[in-house]
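**Q** Give me coordinates for this.
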Amino acid sequence: MASMKPKLSLCLTNNSHIMRGEISISHTINSCRAHGVNGPNGHAIRSLRAKGIHMLLHVGQWIRTHSSKLIFTATDSPAPQARWTETARGHWSQISSLLNNLNSTWLFDGESTLMVTREQRQIEAENYICGLSHILSMPPSTLPHQNRAWGSDGSMIPATSGIGDDKSVTVAVTGPQTIVVRLSGRNVFVLHGELGGLIMGLVLSDDDTPNNKLFTDHLNSVRFIDDTRTINQENHLRNMNSRSYYRWIMDLVRSVRTEVIHTKAHTNQVNLSSLLNKEADHYASKSQKVVNSLCPVPIPMFFMDNFTFYRPHDGWIESNIRTFIDHFFVQVSSLEILKKHRYRMAKWLYDPCPLPTYPYVRATVAYSAAVQWYV
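**A** Sure thing, here's the model as predicted:
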C-alpha cells in the first residue's frame, strides 16, 4: 500500500479517546519533543506518576472554540489530596505550561472532527443538513406536497466512470424544502448520490407532520429499508459498498416515521410521486453545470468501520479494497510496460479500431461455419 502514489492508509475513524483525555502524559510529552518543543525530563513525569497522575484527563480537558479549534486547558492543582513538595510543584508548572500550548495535530494526523465522539458528529451533520435550506434559499416544490411529501435523486457524470476516474456526483431533495449538494472524493458513485438523497430526505422530514412520505427511484434501498424493520442487517453490511451511508439510513429509519416509497424513474405518469422524483432528478442533473459552487454533503465517518482505508483524491474507501488496489496496480504495471522494451507494448502505436468480424462468426449452424472456414 505504501508503494501507491499517493499512498493508501488504513485510518482509525474514531479518535474521541484523545478528546476524553485518555492518552498518557508521557506520550504527549514525547509527541511535543518530536515537533521541536522542549519538554520536562523524566523526573517530572515520575513525580506525577507517584501521585496517581498518568493521563491527560487527570490534569485538564480539551475545549472546542467557536472556530472549531481544539485547545487543552490544564487545571491549577491536580490531585489536591496528594502531598506536593516544592520540587514537584516546579515540575507541574513546567508540564502545565507545555500542555496549555499543546497542539492537537501533534497527537493525531488527520481530520480534527475524528476526535469528536461519533454521536456528536452525527448530531452536527444532521444539524448542518437542516441548516442548508436557510443557506441555499432555494424555492420549495410547487407540487401539492402538503408539507409531507418528498422526492430525492442523485446524478453522476460521466455516467460510465469507474474506479480512479474523475467524476461529479450531485444529490437533490425537493418537497417542502429544496436542497442540492455535491459529494466529495473520487471514490464515489451514483449509489452514494441516491443514498445521500435518502439521508437528507429522512433528516428534513423528521418533524411533527404525520404521514411523511419520501419517494425515490432506487429500488434496492427501499427493499433494504423494509428489511431493516424486521431483520438485523449489520452482518450483511460488512462487505457492502457505502455501508456507512446505509448505517446512517438504518439509524434514521428507527427514529423517523417517514415512509420511504419506490417510484419508477423517467416515466410519463402524472402522479405526485413521479413528478417529485422528476423534479429532484432535474435539480440533480442541472446542478452538474455549477457543481463547484455547491455545498458538500457530510460524509458519514461516524458510521464507518473502526478502521477504514483512505487515500488522497479518492477519499474514504468502503468498496472492495482488493478490486481497488488491483485497479491501480494494473495501471502502474501498464505504464511500466509501455515505457520499457523500446515501446513494444505501446498501444498508441497501433490502430485502436477492432478488426471486422468474419461471416462464420454469426453462422446459424455449425455445418455452415465449417464449410466457410475450409472454403
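
**Q** any idea how far residue 122 is from residue 217?
**A** 27 Å (Cβ to Cβ, to the nearest Å). For every residue, glycine as well, the C-beta is placed using N, CA and C.

**Q** An error on my part: the question was meant for residue 101.
**A** 54 Å.

**Q** So the two - more neighbours on which side?
**A** Relative neighbour count places residue 217 above the other of residue 101 and residue 217, with 24 against 11, counting by other Cβ atoms under 10 Å.

**Q** and the gap between the nearest residue to the more buried one once chain neighbours are set aside and residue 219?
**A** Computed as Cβ to Cβ, 6 or more residues apart in numbering, the closest residue to residue 217 that is not its neighbour in sequence is residue 265, at 3.6 Å. Using Cβ to Cβ, residue 265 is found at 10 Å from residue 219.

**Q** higher neighbour count, those two?
**A** The neighbour comparison of residue 265 against residue 219 (other Cβ under 10 Å) goes to residue 265, with 15 against 12.

**Q** pLDDT at the residue nearest to residue 217, what is it?
**A** Listed pLDDT for residue 265 reads 88.

**Q** Let me know whether it touches residue 277 as I believe.
**A** Yes - look at residue 265 against residue 277 with Cβ atoms under 8 Å: they come within range, at 6.0 Å.

**Q** what do the two both touch?
**A** Residues touching both residue 265 and residue 277 (Cβ atoms under 8 Å, 6 or more residues apart in numbering): 153, 217.

**Q** would you say residue 45 is within a helix?
**A** Yes - counting by DSSP: H, G, I helix; E, B strand; the rest coil, residue 45 falls inside a helix.

**Q** which phi and psi does the nearest residue to it once chain neighbours are set aside have?
**A** Among residues not flanking residue 45 along the chain, residue 26 sits closest, at 5.3 Å (Cβ to Cβ, 6+ apart). Here is the backbone geometry of residue 26 (degrees, to the nearest 10): phi -60, psi -40.

**Q** Near residue 26, how many other residues are there?
**A** Residue 26, neighbours per other Cβ under 10 Å, totals 16.

**Q** got it, and residue 275?
**A** For residue 275, using other Cβ under 10 Å, the count is 20.

**Q** That one and residue 145 touch, don't they?
**A** No - the criterion here is Cβ under 8 Å, and residue 275 misses it with residue 145 at 9.7 Å.

**Q** tell me the mean pLDDT for the helix or strand where residue 30 lies?
**A** Per DSSP states H and E, residue 30 falls inside helix 25-34. Averaging pLDDT along helix 25-34 gives 89.

**Q** Could you pull out the helices in the stretch 251-375 of the chain for me?
**A** 272-286, 321-339, 366-374 (DSSP state H, counting those that start in this stretch).
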